[in-house]
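Colleague: could you work out the structure for the sequence below:
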Amino acid sequence: MSKPENKEHINIKIDKEHYPATQEIMTGAELKVLGKVPSEYELWQEIPGQDDLKIDDNQSVNLRSGMKFLSVPPNITPGRDG
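Modeller: Numbering: from 1, shown residues only. This is a model prediction of the structure:
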């Protein structure tokens, strides 16, 4: 199944760096490759005013410009008080 391609880039941030995504739908694994995130790290979507959302490697994400993601070593939960 092919993924919809967008003629314009979708501007997202991964670990505070800007990346142009050319597909509207990408998996967590594809986002890690785009953002040069180590495969063993976890990827989280930053959601203002809510808990961050963990993105699994095989999970598809419908991208929109301005979305922010962060990577963390395994076993750390961002966005929560310890």
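
Colleague: tell me how far the residue positioned nearest the centre of the chain lies from residue 52.
Modeller: The chain has residue 69 as the residue nearest its centroid, 4.4 Å off, counting by Cα atoms, centre = their mean. Separation of residue 69 from residue 52 (Cβ to Cβ, to the nearest Å) stands at 9 Å. Using the backbone N, CA and C atoms, a C-beta is placed for each residue, glycine as well.

Colleague: can you tell me the element the residue nearest to the centre of the chain falls in?
Modeller: Element membership of residue 69, judged by DSSP states H and E, is strand 68-72.

Colleague: about what we covered before: could you pull up phi and psi at the closest residue to the residue nearest to the centre of the chain other than its chain neighbours?
Modeller: Leaving aside its chain neighbours, residue 69 sits nearest to residue 14 (4.7 Å; criterion: Cβ to Cβ, 6 or more residues apart in numbering). Listed backbone geometry of residue 14 is phi -130, psi 120, with angles given as degrees, to the nearest 10.

Colleague: tell me the pLDDT at residue 14?
Modeller: Per-residue confidence at residue 14 stands at 98 (pLDDT).

Colleague: partners of it in the sheet?
Modeller: Counting by DSSP bridges, residue 14 forms beta bridges with residue 17, residue 69.

Colleague: surely it is in contact with residue 70?
Modeller: Yes - with contacts defined as Cβ atoms under 8 Å, residue 14 counts as touching residue 70 at a distance of 7.3 Å.

Colleague: can you list residues touching both of these two?
Modeller: Both residue 14 and residue 70 are contacted by residue 43, under the criterion Cβ atoms under 8 Å, 6 or more residues apart in numbering.

Colleague: on that earlier part again, these two touch, right, the residue nearest to the centre of the chain and residue 17?
Modeller: No - using Cβ under 8 Å, residue 69 makes no contact with residue 17, being 10.1 Å away.

Colleague: any common contacting residues for these two?
Modeller: Residues touching both residue 69 and residue 17 by Cβ under 8 Å, 6+ apart: residue 35.
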